[in-house]
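# Compute the structure for the input listed below.
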Amino acid sequence: MDKTYYVYVLRSLMDATLYVGMSEDVVKRLDEHNRGKSQFTKAHQPWDLIYSELVGTRELARKREKYYKSTVGKNYLRKHGFIKG
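Numbering: from 1, shown residues only. Modelled structure (predicted):
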């Protein structure tokens, strides 16, 4: 059976930096980010999960991840109240 993936958006509680990623287990991945397991996110700890979306396949998750990293995707998150500014 194929694995199911999520796309997620984190916001740094330190400086409001956004991070978009994908994972099979969002809760576990958030914990890893908050324990410094990712080079980029280590410098902006702690993190808060502000959005997650069940996507399905790894390929679809990668496409959605790219979307949320784009201006259009960030505007969507802003329009729906997930991010400010």
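
# Out of the helices and strands in this protein, which is least certain?
In the chain, no helix or strand scores lower on mean pLDDT, DSSP states H and E than helix 39-42, which sits at a mean of 93.

# Which secondary structure elements does the next helix or strand after that one sit against?
Following helix 39-42 in sequence order, the next helix or strand is strand 47-56 (DSSP states H and E). Applying 3 or more Cβ pairs under 8 Å, 6 or more residues apart in numbering; DSSP states H and E, one finds that strand 47-56 contacts strand 5-12, helix 26-34, helix 58-69. Quick note: C-beta positions are derived from backbone N, CA and C, even for glycine.

# deepest of these, which one?
Mean neighbours per residue, mean count of other Cβ atoms under 10 Å, is largest over these for strand 5-12, with a mean of 22.

# got the contact list for that strand?
Strand 5-12 has contacts (Cβ atoms under 8 Å, 6 or more residues apart in numbering) with 17-26, 29-30, 33, 41, 44-58, 60-61, 64-65, 68, 77, 82-83.

# List only buried entries from those residues.
Among the contacts of strand 5-12, those classed as buried by 16 or more other Cβ atoms under 10 Å are 18-23, 26, 29-30, 33, 41, 44, 47, 51-52, 55, 61, 64-65, 68, 77, 83.

# Helix or strand: which one has residue 72?
helix 71-79.

# List the buried residues of that helix.
Residues of helix 71-79 classed as buried by neighbour count (16+ other Cβ under 10 Å): 73-74, 77.

# Off-centre distance for that helix?
Helix 71-79 sits 13 Å away from the centroid of its parent chain (Cα atoms, centre = their mean, to the nearest Å).
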